[in-house]
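[1] Provided below for reference: sequence and predicted model.
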Amino acid sequence: MQDRDHRQPKLELRGVSKRYGDFAALKRTDLSVSAGEFVTLLGPSGSGKTTLLTIVAGLSASNTGEIWIDGAEATNQPVHKRDIGMVFQNYALFPHLSVFENVAFPLRMRRTPESEIKRKVNRMLEVVHLPHVGDRLTRELSGGQQQRIALARCAVYEPSIILMDEPLGALDKKLRDQMQVEIKRLHTELGATILYVTHDQEEAMAMSDRICLMNRGGIEQLGTPQELYFRPTSKFAADFLGTSNLFGAKVEGVGETIDLSTGFHASISALRGADVGPGEEVDVMVRPEHLRLLKDGETADNVVPATFEGTMITGSVTRHWARLDDGTTIVALSLTTGPTLSFQPGEAVRFGWPKDGTVLIRPAREG
Amino acid sequence: MRAALARLATGVRPHLGLGPALLLLAIVFLIPVVHLLQLSFLDSAKGFSLEHYLRLFQTSLYVKILANTFKIAGLTTALCLICGYPIAYFIATSAGRGKAFLVLLVLMPFWTSVLVRSFAWIVILGRHGLLNQMLTAAGITDAPLDLIYNLGSVLVGMTHALMPLAILTMLAAMQNIDANLSQAAGTLGARPSQAFWRIYFPLSLPGVAAGGLLVFITAVGFFITPILLGSPQETMLAQIIVIQIDEMLNWGFAGAVAVLLLIASIAVFYVFDRVVGMSALTGDMAPAGAGKQGFLSRAGSRLGYALIAGLGWVCDYLGSGWDRIFGTRGPHGGRRYGVPIAAILVVLFLALPSFVLVPVSFSGSSFFQWPPVGFSLKWYDAFFSSPIWRSAMIRSVYVGLATAVLSVAIGIPAAFALSRGRMVGKTALMAFILMPLVMPHIIVALALFYSFSKIGLVGTSLGLVLGHTIFSLPYAIVTILAVLKNYDIRLDQAAWTLGASRLVAFRRITLPLISAGVITAFLFSFVKSFDELTVALFISGGVATTLPRQMWAEALLNVTPTLAAVSTLILILVTVVILAGEYIRSRQPSS
Ligand SMILES: Nc1ncnc2c1ncn2[C@@H]1O[C@H](COP(=O)(O)OP(=O)(O)OP(=O)(O)O)[C@@H](O)[C@H]1O
Ligand SMILES: [Mg+2]
């Protein structure tokens, strides 16, 4: 893990941007992906994920910037010379070719000998668990099967970079879970570098080495799923991944810990590390799973008083809602274990969390 | 600087595919036409003068002919729309095999030359023709009637020639009308006739208007039918052009007549655009008068709506009266008998006449006579043993093939550019490409004759091919565009990412998938060129004659059954080609 940073990046974007007329679909973006890494572009619709992907593939030209692959500039390299595989959102299987010929297509383009084509295609069809459909036309397959063929076609020639644009978007939940596992397996088996697009945050968390969170044509935050989840640097990031409790606070002092005052008569503290100074207004985020409903006499690093609102058991987890003095609603999450604490709506309760659960977010630099 | 150049390059790139098409149109269409128009303002000493225009209006002769032209074109248009509407409606609202068959029956005459179909009417309406024979045999008349060489026969011939165009245009518009609308109206309490007149009919009006416009513009430039089926009283403007060139080679005056024709056409276009809007021409359904806030058109559409509502009530009244007499009808009301019967009669009117030429071609007599006398193959023999006919046939075939190849080769990139490119002025470019179709052919032919004569292309096959391509290209582009509309560009992108170069991806992925459209475009271009007469009349001459040109020359001298034999051969060829095209199209996998 440690030496990854010293290696040459597999794929590098330097100041790449794309405009459509006056509209910036992608603002100047830098991104570096190491060999073998699984990086996910995550973001709401229209945030520029597909735009970034098509620029990497060479399917559309960027207005500025450079693209480097394996230490060589590839900005103006034609698509078919980039050694890139792409799985399209609608699969883009060739309707006039059989399944076998679809998978064989990239090999034929590379003038692979016939015997080897046969061997490789058949092996690949086995890898995706569809060894018997070679003679069929692609439209005779189900959605999930078509998806696997698209994967097989992309993986059969072992491209060193694979781009996937919401490959599972059209599948139902169960099939999606299954395919996630298969894609991960392919990833490790082939050792490929994967740039993956989704707007499903769970999918992104489950599969990625790193997540590149995109918003309005720019990168909002880039980091491991843990970093994004537990150390979001913006309200957008905090909100987009999982649920979050957010409220405003003011930095009172920076010492051993960072001490903050809030609008609801409780002072709280956070671990040092955030780059803030005394007097600064910040946003505080606490994940629901860090929040604990305190019993009488129990205490924690941070304690806030609140008015209890309700409880809901959703299978293995239980959610508690409450309202802070200033009107903010907060949610706490705990595993469903045995009989729950029973509070009545309207009752005064206390919530507590450890100081390493306090995440400070500097208010958005406007723009 | 480099960035600016690059931006310019990306701005131009989507248009690149259009380059060849635009170049061809500019050189073989735009420049010659402009030249011709200039010519009409020059006197014999090449100085500016209005002498030709003065001559046009000196006597009442040409004004009368202009009026006559408008009258004939107007009547033809009305007949085409009134008779064509039921069949278009019937096709649009029916489904399955029957529908495809009906479309085919309309397409066949659409692609069969006006020349051949005029000959058919000579057989039917002539003094010793089919109709007179039947009337006499039935004892209805004693002596043969004068059914031909009058306004009636010209109208019959022209309506027959142009109704397929009207039907196909109306059909295109009708197919965009949501069938659920009429049903929705039904659930809201409208009788079928009311649902039709208040919902369907108004929605189909832009299509009707578009069909009317195309028919009118084409009819205004007609000369074949009035010459073959009319008397001097039915002389139309285009005939004057032919005469001026054929007999007097008076360029300036012919040019002035062409300008008159052009101005008349533009005036019609202008009125059309004001009232309906040009988008109706391409089948895009815009509600009539949408976006136009002019008082006249608003008042016009109010009036139109009132009229239509009135029609609905009248029909409703008649319908319910009918109900009272005959009991209630099924949910489809009038469609059950009335519309299908009308539709089938019209289709028979369109499809059958050409086939009377088949028996005549085997006749032993030397006239277009009905019933044919005896059985003889001598007319075919005459055809195949005559070097003139044979070489005309061969020339027509290879000019047709070359035209088709050229049209498709230029049409494919153009269609791609139009369907893929996010370009400025797309509508204007499309209009320019379609222009040769909506401008009276005779003007283009005349313009080409003049320009080609300057550069020695008259009487050459190259000149013919270029001239024909101008008219085939719009069909080719529109046909290919239609398949590209359903084509997913991501298939190409997928092929590129899989290692195919642009060329390979085009050959192995794009082309196979759009082949049906390309082949259809090829066949249509071929047929269009094969029986084209107007351009051939001017451009081909002497030894370089084409089949229709030779038929025309022969027909002006003497109408013999040889023409029926040639027509039969052409009918067979066109039928085979169109059937092949339809077969290929029907096998195209729908995406
Ligand atoms: N060809 C184009 N012309 C104009 N605007 C475009 C074009 N392609 C994309 N855009 C715009 O650029 C922005 C980013 O588009 P992009 O397709 O990259 O979004 P995305 O993140 O992939 O969204 P989704 O999750 O919906 O697929 C959008 O606002 C879109 O409307
Ligand atoms: Mg997208």
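    The structure has been received and is ready for your questions. Numbers count the residues shown, from 1 in each chain, chains lettered A, B, ... in the order given. Ligands and ions are numbered 1, 2, ... in the order given.

[2] isn't B:Leu115 right up against B:Asp531?
    Yes - counting by C-beta atoms under 8 Å, B:Asp531 is a contact partner of B:Leu115 at 7.0 Å. For every residue, glycine as well, the C-beta is placed using N, CA and C.

[3] In three-state terms, label A:Thr299 for me.
    coil (DSSP: H, G, I helix; E, B strand; the rest coil).

[4] That one contacts A:Pro354, correct?
    No - in this structure A:Thr299 lies outside contact range of A:Pro354 using C-beta under 8 Å: 11.3 Å.

[5] which one of the two has more residues nearby?
    Shown here are A:Thr299 and A:Pro354; by other C-beta atoms under 10 Å in any protein chain shown, A:Pro354 has more neighbours (13 against 9).

[6] And for the more buried one, nearest residue in space, chain neighbours not counted?
    Among residues not flanking A:Pro354 along the chain, A:Asp301 sits closest, at 5.0 Å (C-beta to C-beta, 6 or more residues apart in numbering or on different chains).

[7] show me the contacts for the most centrally placed residue in chain B.
    Residue closest to the average C-alpha location in chain B (C-alpha atoms, centre = their mean): B:Leu165, at 5.0 Å. With contacts defined as C-beta atoms under 8 Å, 6 or more residues apart in numbering or on different chains, B:Leu165 is in contact with B:80, B:110, B:211, B:214-215, B:218.

[8] residues in contact with residue 347?
    Since you didn't name a chain, this refers to chain A. So A:Glu347 contacts A:307-308 (C-beta under 8 Å, 6+ apart).

[9] switch to chain B, that's the one I care about
    Contacts for B:Val347 (C-beta under 8 Å, 6+ apart) come out as B:87, B:102, B:105-106.

[10] now, among these, which is nearest to B:Leu16?
    Ranked by distance to B:Leu16 (C-beta to C-beta), the contacts of B:Val347 are led by B:Val106 at 36.9 Å.

[11] so how far is the strand or helix carrying B:Ala100 from its chain's centroid?
    Under the criterion of DSSP states H and E, B:Ala100 resides in helix B:97-111. Helix B:97-111 has its average C-alpha position 15 Å from the chain's average C-alpha position, going by C-alpha atoms, centre = their mean, to the nearest Å.

[12] For that helix, name the packing helices and strands.
    helix B:61-93, helix B:151-174, helix B:338-351, helix B:511-530, helix B:561-587 (3 or more C-beta pairs under 8 Å, 6 or more residues apart in numbering or on different chains; DSSP states H and E).

[13] angle of the second one against helix B:61-93?
    I take that to be helix B:151-174. Counting by axes from the mean of the first three to the mean of the last three C-alpha atoms, to 10 degrees, helix B:151-174 lies at 40 degrees to helix B:61-93.

[14] by how many degrees do helix B:151-174 and helix B:97-111 diverge?
    130 degrees.

[15] Also the shortest one?
    Taking the same axes, to 10 degrees, one finds that helix B:338-351 is oriented at 40 degrees with respect to helix B:97-111.

[16] what is in contact with B:Leu115 and B:Asp531 at once?
    B:Pro548.

[17] now the strands: where do they sit in the stretch 1-150 of chain A?
    Assigned by DSSP state E, counting those that start in this stretch, the stretch 1-150 of chain A shows strands spanning A:11-20, A:23-33, A:38-42, A:64-69, A:72-73, A:84-87.

[18] confidence score at residue 36?
    You didn't say which chain, so I picked chain A. Note on A:Gly36: pLDDT of 91.

[19] My question was about chain B, not that one.
    87.

[20] B:Ile325 too?
    pLDDT, B:Ile325: 43.

[21] Please apply the same query to the one 10 residues further on.
    Predicted confidence (pLDDT) for B:Arg335: 50.

[22] Could you do the one 5 residues further on as well?
    Reported pLDDT at B:Pro340 in the predicted model: 78.

[23] That one against B:Phe90, yeah?
    Yes - here B:Pro340 reaches B:Phe90: they are 6.1 Å apart, a contact under C-beta under 8 Å.

[24] So for the two, which sits in the more crowded spot?
    Set B:Pro340 next to B:Phe90 and count neighbours by other C-beta under 10 Å: B:Phe90 wins out with 22 against 16.

[25] list the contacts for the more buried one?
    Contacts of B:Phe90 by C-beta under 8 Å, 6+ apart are B:102, B:335, B:339-340, B:342-343.

[26] Now do the helices in the stretch 51-200 of chain A.
    Remark: helices assigned in the stretch 51-200 of chain A by DSSP state H, counting those that start in this stretch are A:99-109, A:114-127, A:143-155, A:173-190.

[27] Just put those helices in a markdown table and tack on mean pLDDT and mean neighbour count.
    Below are the helices of the stretch 51-200 of chain A laid out as a markdown table (pLDDT from 0 to 100; neighbours: other C-beta atoms under 10 Å in any protein chain shown):
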| stretch | mean pLDDT | mean neighbour count |
| --- | --- | --- |
| helix A:99-109 | 92 | 23 |
| helix A:114-127 | 92 | 16 |
| helix A:143-155 | 88 | 22 |
| helix A:173-190 | 85 | 15 |
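
[28] Out of the ones you listed, the one nearest B:Asp178 is which?
    helix A:143-155 (28.5 Å).

[29] Just confirm B:Phe41 contacts B:Ser49, I think it does.
    Yes - between B:Phe41 and B:Ser49 there is a contact under C-beta under 8 Å: 6.9 Å.

[30] Which single strand of chain A contains the most residues?
    Using DSSP state E, we find that the single longest strand of chain A is strand A:302-314.

[31] Just name whatever secondary elements that one is in contact with.
    strand A:267-271, strand A:317-323, strand A:329-335, strand A:348-353.

[32] Which of those sits closest to chain B?
    If you check each of the helices and strands packed on strand A:302-314 against chain B by C-beta to the nearest C-beta, strand A:317-323 wins as the nearest, at 40.4 Å.

[33] From B:Ser525, how far off is B:Ile584?
    Distance of B:Ile584 to B:Ser525, computed by C-beta to C-beta, to the nearest Å: 14 Å.

[34] ok, these two, which is more surrounded?
    B:Ser525 (29 against 17).

[35] With respect to ligand 1, which of the helices of the stretch 51-200 of chain A lies nearest?
    Proximity of those to ligand 1 was assessed by C-beta to the nearest ligand atom; the nearest stretch is helix A:173-190, lying at 15.9 Å.

[36] where does the closest one sit relative to the chain's centre, distance-wise?
    15 Å.

[37] same check, this time on stretch B:414-431
    23 Å.

[38] For A:Phe247, which three-state class applies?
    Per three-state DSSP, A:Phe247 ends up strand.

[39] phi, psi of A:Gly255?
    Main-chain dihedrals, A:Gly255, degrees, to the nearest 10: phi -140, psi -130.

[40] what does chain A put close to ligand 1?
    A:20, A:23, A:25, A:43, A:45-51, A:199 (C-beta under 6 Å from any ligand atom).

[41] tell me the domain ranges of chain A?
    A:3-238, A:243-365 (automatic domain parsing).

[42] Out of those domains, which is closest to B:Ser501?
    Per C-beta to C-beta, nearest to B:Ser501 of those: domain A:3-238, 5.2 Å.

[43] All the helices of the stretch 201-350 of chain B, in order from the start?
    Counting by DSSP H, counting those that start in this stretch, the helices of the stretch 201-350 of chain B are B:201-220, B:224-229, B:237-243, B:251-275, B:295-326, B:338-351.

[44] Considering those helices, which stretch scores lowest in mean pLDDT?
    helix B:295-326 (a mean of 47).

[45] Residue of the stretch 151-300 of chain A nearest ligand 1, please.
    A:His199 (5.1 Å).

[46] which other residues reach stretch A:206-216?
    A:27, A:31, A:37-44, A:47-49, A:52, A:180, A:183-184, A:196, A:204-205, A:219-225, A:228, A:236-237, A:240-241.
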